[in-house]
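Undergrad: Here you go, sequence then predicted model.
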Amino acid sequence: MSRLAAAALAAVLATSARAAEGATPANKYASPIFGSFDFQVGQYLPNVDSEFKNGATPWRDTFGTSKSLLFRGGAAWALYHGFGQLLTGGQSGDQTKFRMIPTSATLTYRFDTLGTNGWALPLAPYVRLALERYNWWITDGSGHTARSGATNGWSAAGGLALLLDYFDPDLGRELDRETGINHSYLFAEARKTYVDDFGSKTSWILSDQASVSWSFGILFVF
């Protein structure tokens, strides 16, 4: 039994060592890290009707209650890269039903040490704060713009990213050599938005009707 246990322990240690080596392709071969870009998709339903205290529901009456897909693309620049990454950047998106383009100025901290500095755990939790500006317009039946504007606010988000390099280190190193992309991730993000011109009584409330909105996407670090 002792020999069997020793052999099993040796196999586990060897597997862990290979995993740790695979999780750190950037340590010896990677190009410098400058920033990242990502693409994500989630659902969105603005909370416009909440500002009417008399029971009126103009948003629901006009647009219904179905959520629409919200697409975002973002780019960020690394302010710090050591024990995790601190990034500043921006995001923009296009929402298909309610004509709106949300834009953001963001500050993100991503704890990527678990999968890239010798720890064999391919996860990178992160948090993000953003100043939001939702640019919107409404068209009439003939396609002309009937009303337009922009609503400002802020949001807070947290997410978890899965390091894809971990599962195929050789492919990760090849991608880095050929494109300069150090790492790629899949991620899930929870976001809370406060988009009402910071409490203005005259602005539409474009915060998401859900208490927390979820989105999913892919992230590339270069």
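TA: Arrived safely, thanks for sending. Residues are numbered from 1 along each chain as shown.
Undergrad: When you work out contacts or count neighbours from here on, use the C-alpha atoms and nothing else.
TA: Fine.
Undergrad: Report the beta-bridge partners for residue 80.
TA: Taking DSSP bridges as the rule, residue 80 bridges to residue 86.
Undergrad: Can you tell me how far the residue positioned nearest the centre of the chain is from residue 50?
TA: Residue closest to the average C-alpha location in the chain (Cα atoms, centre = their mean): residue 189, at 5.6 Å. With distances defined as Cα to Cα, to the nearest Å, the gap from residue 189 to residue 50 amounts to 25 Å.
Undergrad: And residue 91, by the same measure?
TA: The span separating residue 91 from residue 50 equals 26 Å under the rule Cα to Cα.
Undergrad: All the helices of this protein, residue numbers only.
TA: Using DSSP state H, the helices found in the chain span residues 2-22, 26-29, 58-63, 113-116, 169-179.
Undergrad: so what's residue 183 up against?
TA: Residues counted as contacts of residue 183 (Cα atoms under 8 Å, 6 or more residues apart in numbering) are 163-165, 172, 176, 220-222.
Undergrad: can you check residue 188 too?
TA: By Cα under 8 Å, 6+ apart, residue 188 lies in contact with 159-161, 214-217.
Undergrad: go on, residue 100?
TA: Applying Cα under 8 Å, 6+ apart to residue 100 gives the contacts 94, 134-137.
Undergrad: Pick out the most distant pair among the residues you listed.
TA: Of all pairs drawn from those, the widest gap by Cα to Cα lies between 94 and 137 and measures 12.1 Å.
Undergrad: What distance do you get for residue 120 to residue 114?
TA: To residue 114, residue 120 is 7 Å away according to Cα to Cα.
Undergrad: ok so, going back, can I get the contacts of residue 188 in JSON lines with pLDDT?
TA: Written out in JSON lines, the entries for the contacts of residue 188 read as follows (pLDDT from 0 to 100):
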{"residue": "159", "pLDDT": "97"}
{"residue": "160", "pLDDT": "97"}
{"residue": "161", "pLDDT": "96"}
{"residue": "214", "pLDDT": "96"}
{"residue": "215", "pLDDT": "96"}
{"residue": "216", "pLDDT": "97"}
{"residue": "217", "pLDDT": "97"}
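Undergrad: So how do I select the buried members of those residues in ChimeraX?
TA: In ChimeraX, the members of these classed as buried (16 or more other Cα atoms under 10 Å) are selected with the following command:
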select :159,160,161,214,215,216,217
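Undergrad: May I have the biggest strand by length in the chain exported as PDB, CA atoms only?
TA: Secondary structure of the chain per DSSP state E: the longest strand is strand 145-163. Presented in PDB, the C-alpha positions along strand 145-163 are these (Å, rounded to 0.1, in the frame of the first residue of the first chain):
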ATOM      1  CA  THR A 145     -35.700  60.800 -35.000                       C
ATOM      2  CA  ALA A 146     -38.500  61.900 -32.700                       C
ATOM      3  CA  ARG A 147     -36.400  62.500 -29.600                       C
ATOM      4  CA  SER A 148     -32.800  62.100 -28.600                       C
ATOM      5  CA  GLY A 149     -30.500  62.700 -25.700                       C
ATOM      6  CA  ALA A 150     -27.900  61.300 -23.300                       C
ATOM      7  CA  THR A 151     -28.100  60.100 -19.700                       C
ATOM      8  CA  ASN A 152     -25.100  59.900 -17.400                       C
ATOM      9  CA  GLY A 153     -24.400  57.800 -14.400                       C
ATOM     10  CA  TRP A 154     -22.100  55.100 -13.000                       C
ATOM     11  CA  SER A 155     -21.900  51.400 -12.500                       C
ATOM     12  CA  ALA A 156     -20.000  48.800 -10.400                       C
ATOM     13  CA  ALA A 157     -19.200  45.300 -11.700                       C
ATOM     14  CA  GLY A 158     -17.500  42.100 -10.600                       C
ATOM     15  CA  GLY A 159     -16.700  39.100 -12.600                       C
ATOM     16  CA  LEU A 160     -14.700  35.900 -12.900                       C
ATOM     17  CA  ALA A 161     -12.600  35.100 -15.900                       C
ATOM     18  CA  LEU A 162     -11.400  31.600 -17.000                       C
ATOM     19  CA  LEU A 163      -7.900  31.400 -18.400                       C
END
